[in-house]
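Chemist: dropping the sequence and predicted coords here.
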Amino acid sequence: MRNAGTLKIRIIPILLLKENRCVKGKQFKDFIDTGNPTTAAKVYDSQKADELIFIDISRDREHRKKLYEIILQTAEECFMPFTVGGGIVDVEEIRKFLELGADKVSINTAAVENPNLIKEGAERFGSQCVVVAIDVKKTESGKYEVYTRNGIKPTGLDPVDWAKEAKALGAGEILLTSIDKEGMRTGYDLELTAKVADALNIPVIANGGVGTTQDLAEGIKLGHASAVAASSIYHFTDQSTIKARGHMKEAGLNVRPQW
Amino acid sequence: MITIVDYGMGNLRSVQKAVEYLNEDAEISNKKESLENADKIILPGVGAFGQAMDNLTSLGLTDVLTKEVVKKKKPFLGICLGMQLIFDKGHEMGEFRGLGWVPGEVTKMDKGGEDLKIPHVGWDEVKIVKESPLFKGTKDKTAFYFVHSYAVQEIGADVSGTCEYGTEFVAVVQKENIFATQFHPEKSQKDGLKVLKNFLELRDESL
């Protein structure tokens, strides 16, 4: 990995939202409730997390209004950068989230089904606020494939090819999630992460599988990611972003000082 | 009263909330009268340079901004794109004239080589190269939150802070009453709020 100078490695908790509550599952299934999103955001902020990512996986639109309130409330109380994704289908929705206080938006299914949305978003708001989220499964033949619609729909796309195309269309960052690893707490899919990170000159955020702070350090050292996202570790273990930062610093990685 | 200039470019509410958190009132407005009545002016912004200048021009705000800031010397804070606009020229998707209050040009951050990841996104250290009231209580090399692909990559006389990513670029500007940051103070937690507070607490005698 190229030395990024004084730029700090980002430790990013992900908040998965379903019907306006934080949830957490395994391999995109079996969700359990993990609490109130704004409360969680405030805790992460007080622990000096570097960024937050909210992904709404509610399937109906009826909770959308409440989601806007959650985003607005987070912006009012947390003076830190955050990204919002889930169900974004047009630039109007991108504008809405940015106006509510988000710094970036994450587009997943809509980017595959209408790649022009990446371009429109980047032209209007700048590449720096368009994150393309890519969910990947390893198929039986051992090849990686991009899935959309919360991990349900195979697309036939190769993750490296798709990430490159997304970049060419104007994506400023890639949020890369291994569906197989997600929620399993056995570490990132480092092979997948390195493949995508090495092929691109935009930042890649590794996601899916973190169970220990060691896994986070490996995402950078072996996965070559620019940032490490996780959620189970913060929900279900006694590890916090404070401990994560401490471990990464010990591992020789360039993170922000705690105080 | 602080006026946050609304010119259809990005995340104004976050800036307003941060100002309010610091116990000052801030009005988001695109009206000339609001700029004329303001004690201080903040120009935030996310998006492309050319589009931003077009929007300011079509709202009829470029002249009144220059009058209030350059002539009347009202304290001004530009943030991110709002910093870039105070320079002479921007080279994002074409070549566009900026407000021209500070000499310099805004160019793509691609001088660091093919494999340097752009946008420059995340917390990065600001080196203080010249004292400024904006830095009061801030240590040298404190990390702030950046998210941008373009920057001013020539370090002129009005530069107070720099950052390095591939090349050295402008992170903080102060030219008399004109202040600007490439990073987002409103998104840089405690350290960022301190910078914003320093701006809000500026009094004439400190300029």
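Modeler: Good, I have the coordinates. Numbering: from 1, shown residues only, chains lettered A, B, ... in the order given.

Chemist: check contacts around A:G101.
Modeler: Neighbouring residues of A:G101 by C-beta atoms under 8 Å, 6 or more residues apart in numbering or on different chains: A:71-72, A:74-76, A:82, B:11, B:13-14, B:17. Backbone N, C-alpha and C define where each C-beta goes, glycine included.

Chemist: which entry within the residues you listed corresponds to the minimum pLDDT?
Modeler: Checking pLDDT across these, the minimum falls on B:N11 at 75.

Chemist: surely that residue and A:E99 touch.
Modeler: Yes - counting by C-beta atoms under 8 Å, A:E99 is a contact partner of B:N11 at 7.4 Å.

Chemist: what number of residues lie near A:D238?
Modeler: 7 (other C-beta atoms under 10 Å in any protein chain shown).

Chemist: so what's residue 117 closest to, chain neighbours aside?
Modeler: No chain specified, so I'll use chain A. A:A110 (5.4 Å; C-beta to C-beta, 6 or more residues apart in numbering or on different chains).

Chemist: I was after chain B.
Modeler: In space, B:K117 is closest to A:P203, 5.0 Å off (C-beta to C-beta, 6+ apart).

Chemist: contact partners for that neighbour?
Modeler: A:172-174, A:225-227, B:117, B:119, B:121-122.

Chemist: does any part of the lengthiest helix in chain B sit near chain A?
Modeler: Ranked by number of residues, the top helix in chain B under DSSP state H is helix B:189-200. Yes - for helix B:189-200, a contact with chain A is found by C-beta under 8 Å from any C-beta of the partner chain, at B:189, B:192-193.

Chemist: how about that helix: buried residues?
Modeler: By 16 or more other C-beta atoms under 10 Å in any protein chain shown, the buried positions in helix B:189-200 come out as B:189, B:191-200.

Chemist: show me the contact partners of it.
Modeler: A:45, A:48, A:79-80, B:2, B:18-19, B:21-22, B:24, B:40, B:75, B:77, B:133-138, B:142-145, B:179, B:181, B:183-186, B:188.

Chemist: okay, B:N11 and A:E99: which has more neighbours?
Modeler: B:N11 (26 against 17).

Chemist: switch the contacts of A:G101 over to TSV; also include secondary structure.
Modeler: Compiled in TSV, those are given as follows (DSSP: H, G, I helix; E, B strand; the rest coil):
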residue	secondary structure
A:I71	helix
A:L72	helix
A:T74	helix
A:A75	helix
A:E76	helix
A:F82	strand
B:N11	coil
B:R13	helix
B:S14	helix
B:K17	helix
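
Chemist: whichever of those residues end up buried, select them in PyMOL.
Modeler: In PyMOL, this line selects whichever of the contacts of A:G101 come out buried by 16+ other C-beta under 10 Å:
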select buried, (chain A and resi 71+72+74+75+76+82) or (chain B and resi 11+13+14+17)
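
Chemist: which of the contacts of A:G101 sits closest to A:L192?
Modeler: A:F82 (25.0 Å; C-beta to C-beta).

Chemist: how about the closest one, nearest residue that isn't a chain neighbour?
Modeler: A:L52 (4.1 Å).

Chemist: how close does that neighbour sit to chain B?
Modeler: Note on A:L52: its distance to chain B, by C-beta to the nearest C-beta, to the nearest Å, is 11 Å.

Chemist: and the most centrally placed residue in chain A, which of the three is it?
Modeler: Nearest to the mean C-alpha position of chain A, counting by C-alpha atoms, centre = their mean, stands A:L175 at 4.7 Å. Secondary structure for A:L175, judged by three-state DSSP, is strand.

Chemist: partner residues bridging it?
Modeler: On the basis of DSSP bridges, A:L175 is bridged to A:A133, A:I205.

Chemist: B:T167 against B:M109, yeah?
Modeler: Yes - using C-beta under 8 Å, B:T167 is in contact with B:M109, at 7.4 Å.

Chemist: common neighbours of those two, please.
Modeler: B:Q153.

Chemist: could the residues of helix B:189-200 next to chain A be laid out in JSON lines, adding pLDDT?
Modeler: Shown next, in JSON lines, are the residues of helix B:189-200 next to chain A (pLDDT from 0 to 100):
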{"residue": "B:Q189", "pLDDT": "97"}
{"residue": "B:G192", "pLDDT": "98"}
{"residue": "B:L193", "pLDDT": "98"}
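
Chemist: now distance to A:G142 too, for those residues, in a markdown table please.
Modeler: Below are those laid out as a markdown table (distance: C-beta to C-beta, whole Å):
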| residue | distance to A:G142 |
| --- | --- |
| B:Q189 | 43 |
| B:G192 | 46 |
| B:L193 | 50 |
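
Chemist: now, which of these sits nearest B:Q153?
Modeler: Using C-beta to C-beta, the residues of helix B:189-200 next to chain A come closest to B:Q153 at B:G192, 22.9 Å.

Chemist: any residue of the helix or strand that B:T162 is a member of touching chain A?
Modeler: Under the criterion DSSP states H and E, the helix or strand holding B:T162 is strand B:159-165. Yes - for strand B:159-165 and chain A, the contact criterion (C-beta under 8 Å from any C-beta) is met by B:163-165.

Chemist: for the closest residue to B:L202 other than its chain neighbours, the count of nearby residues, please.
Modeler: Once flanking residues are discounted, B:L202 sits nearest to B:P75: 5.0 Å by C-beta to C-beta, 6+ apart. The local packing of B:P75 (other C-beta under 10 Å) involves 23 other residues.

Chemist: OK, contacts around B:P75?
Modeler: Taking C-beta under 8 Å, 6+ apart, one finds B:39-41, B:177, B:179, B:199, B:202, B:207 in contact with B:P75.

Chemist: how much space between it and chain A?
Modeler: For B:P75, the distance to chain A equals 21 Å [C-beta to the nearest C-beta].

Chemist: now the strands for chain A?
Modeler: Along chain A, counting by DSSP state E, strands occupy A:10-18, A:21-26, A:29-35, A:52-56, A:82-85, A:104-107, A:130-138, A:144-148, A:153-154, A:173-178, A:204-207, A:227-230.

Chemist: quick check: which ranges of chain B have low pLDDT?
Modeler: Applying pLDDT under 70 to chain B flags residues B:205-207.
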